[in-house]
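**Q** Output the structure for:
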Amino acid sequence: MTYASSTTALLLAAGRGTRFDPTGLQNKLLAPLPDGTPVACAAARALLTILPHVTAIVRPGAEGLAHALNAAGCDVIFSTDAERGMGASLAAGIRATEDAEGWIVALADMPWISPSTIEAIARGVDAGASIVAPVYRGRRGHPVGFGSMHRDALSSLDGDVGARGLLEAAAVTSIEVDDAGVLADVDTHADLHLQR
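**A** Residues are numbered from 1 along each chain as shown. Okay, here's the model as predicted:
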């Protein structure tokens, strides 16, 4: 780690992934990428390359995923509100890390984000930006950085909209990146084998 950021990463890993496996038997976040790394662990490792503190939020019953993320270097919390959606999981993560000076919110099904993108977002938050988001070829992607001034708003989120309302209402600092990974997630089995 060459850049020491004061932000904390939140890795949202509490979704059901029903498009990946409608039966719910296989957790897509544990599915192996071509190099054998589970999807969520690849996402976690990119964050851990830049950020000293990564807290993963998982749903109750996902002990295998929690163990894998803990072994990868994440702190793990179980969100009992995960059924209510991404907003509820994000709020649980904020409340668990309420002393943080800022957050980078990442999605565990996006394993191809470059550490250089994460560093650029962290630098923006550390420099006092309200919200920082990467943009690739005109499209805003993930992860998104939030300054500590959004603590109360983030900790009271609920439902499945996540922080969309904040992104629409607040000033967002956009960072142009040459990183297609900011738009690429794993939704189906075929996505595991896409070249990045």
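**Q** Just the helices from the protein, written as ranges.
**A** Ranges of helices in the chain, per DSSP state H, are 39-50, 63-72, 86-96, 115-126, 151-155, 164-169.
**Q** can I assume Leu90 is in contact with Ala14?
**A** No: if you go by CB atoms under 8 Å, Leu90 and Ala14 don't touch, sitting 9.4 Å apart. In short, each C-beta sits where N, CA and C put it, glycine included.
**Q** more crowded one of these two?
**A** Between Leu90 and Ala14, counted using other CB atoms under 10 Å, Ala14 has the larger neighbour count: 27 against 24.
**Q** Might one say that Glu98 is in contact with His150?
**A** No: contact criterion CB under 8 Å: Glu98 and His150 do not qualify, at 11.9 Å.
**Q** Between those two, tell me which one has more neighbours.
**A** Counting neighbours by other CB under 10 Å for Glu98 and for His150 shows that His150 has the greater number, 17 against 13.
**Q** So that one sits against Ser130, correct?
**A** Yes: taking CB under 8 Å as the definition, His150 is a contact partner of Ser130 at 7.3 Å.
**Q** anything in contact with each of those two?
**A** Here His150 and Ser130 have Ala170 as joint contacts, going by CB atoms under 8 Å, 6 or more residues apart in numbering.
**Q** Would you mind measuring from His67 to Leu10?
**A** Plainly put, His67 is 19 Å away from Leu10 if you go by CB to CB, to the nearest Å.
**Q** and what of Ala96?
**A** From Ala96 to Leu10 the distance is 9 Å (CB to CB).
**Q** Likewise for Leu29?
**A** 15 Å.
**Q** and what of Arg59?
**A** 15 Å.
**Q** can you check Ile118 too?
**A** For Ile118 relative to Leu10 (CB to CB), the value is 13 Å.
**Q** how about the closest residue to Thr8 other than its chain neighbours, phi and psi?
**A** Leaving out its chain neighbours, the residue that sits closest to Thr8 by CB to CB, 6 or more residues apart in numbering is Ala100, at 3.9 Å. Note on Ala100: backbone dihedrals following degrees, to the nearest 10 are phi -60, psi 150.
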